[in-house]
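Enquirer: Next input, structure requested:
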Amino acid sequence: MATIVCPHCGAPVRLRQFFNIGGKPFCARCGWNLGRALATVEAKSSLVTLLPFGVVTLGAFIIFVGGRCKGPGNALLYVPLLLLPLITVVPVINRYATKKAIAAAKLTVNPDFALAQPLLDPALQLLQSQPRPRRISLRFQSALLVPLAALAAVGAIAFASMHGASAASPRNHGNLVPFIAFMGVFLAVAFVIPMVREKRNLPLLRDGELAFARVVSQTTVRQGKASYSSIDYEFQTNDGVRIRGTARDLTNSVFGDMTIPVFYDPTNPDRSTTPCASYLKVSTNPI
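Expert: As a prediction, this is how the structure comes out:
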């Protein structure tokens, strides 16, 4: 179970983000983020209501396609049907469990537990001790597991179907060419393009000045049918200048009032980045 540290009292806080329906995290000890968590869960009530209808529609489509496909590999089309109940039930249970936990927390939270000066997270202390130039490594994006798994499933189905039909017509293997080309383009978009973008962040993470920023706000930004987490943060440079920046949180684990590390250019503090907005990370493991 993924957890973060409460920025007010230091208690561990559970991340309730299965399918992003669980909403924002909250601290049941001091009440941090409790109001925003409840508002987020209520705002997603329509999504939870419509989810079963969407899953039933998808299941009907899979059955329809499976019935029309010919070849020994078409049985693999029915494999996703085994996952549909999980996709339907788990998010709904997660939402109602979150609402129940929020209701229980309202009766037990004590704002007096909040510390006047919250302790610095040990991970941030370890990051602070790293000498420059810092060692940088690639941070694997777990979000890529879903599209990669989908591509693997499609590839297995296509290969099984073409392999079964190849006895009658060996030329059918040529039908895999479009799929292979599509997979190559997908991998280029998923991996190569982000790495090119990280050329800007690499010098900052490796040699930039380190400061600790306070997250002023966190919002979910809608971008077409998708969405992402955007954070506004504020930090103070070694010269005492206050800088404010905006970043896209790729980890979906940063929320309001939290303390995050920021690496900036001392000659131009407006050039800054935070690890949660990068596919790179500062390695703290000993060599």
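Enquirer: how deep is L38 tucked in, by neighbour count?
Expert: 19 (other Cβ atoms under 10 Å). All C-beta atoms are positioned from the backbone trio N, CA, C, and that covers glycine.
Enquirer: what about it, distance to T108?
Expert: Look at L38 and T108: by Cβ to Cβ, to the nearest Å, they are 15 Å apart.
Enquirer: where does N238 land in three-state SS?
Expert: At N238, secondary structure determined by DSSP: H, G, I helix; E, B strand; the rest coil is coil.
Enquirer: ok, A11 to R242 distance?
Expert: In terms of Cβ to Cβ, A11 sits 29 Å off from R242.
Enquirer: Which one's more surrounded, those two?
Expert: Ranked by neighbour count (other Cβ under 10 Å), A11 and R242 place A11 first, with 14 against 9.
Enquirer: residue contacts, C6?
Expert: Applying Cβ atoms under 8 Å, 6 or more residues apart in numbering, we find C6 in contact with P12, V13, C27, R29, C30, W32.
Enquirer: So the closest residue to it other than its chain neighbours: helix, strand or coil?
Expert: Distances taken as Cβ to Cβ, 6 or more residues apart in numbering put C27 closest to C6, at 4.1 Å, once the chain neighbours are dropped. C27 falls in the coil class when you classify it by three-state DSSP.
Enquirer: Could I get the pLDDT score of C27?
Expert: On pLDDT, C27 comes in at 92.
Enquirer: looking at it, it is touching G10, isn't it?
Expert: No: the criterion here is Cβ atoms under 8 Å, and C27 misses it with G10 at 9.4 Å.
Enquirer: Between those two, tell me which one has more neighbours.
Expert: C27 (25 against 18).
Enquirer: Next, that one: phi, psi?
Expert: Main-chain dihedrals, C27, degrees, to the nearest 10: phi -100, psi 120.
Enquirer: From A277, how far off is it?
Expert: According to Cβ to Cβ, C27 and A277 sit 24 Å apart.
Enquirer: Repeat that for G240.
Expert: According to Cβ to Cβ, G240 stands 24 Å off from A277.
Enquirer: Give me the mean pLDDT for the host helix or strand of L205.
Expert: In this assignment (DSSP states H and E), L205 forms part of helix 201-207. Helix 201-207 carries an average pLDDT of 92.
Enquirer: and if you look at stretch 233-241?
Expert: On average, stretch 233-241 scores 94.
Enquirer: ends of it, how far apart?
Expert: One end of stretch 233-241 to the other measures 14 Å (Cα to Cα, to the nearest Å).
Enquirer: buried sites along it?
Expert: By neighbour count on 16 or more other Cβ atoms under 10 Å, the buried set for stretch 233-241 is Y233, F235, T237.
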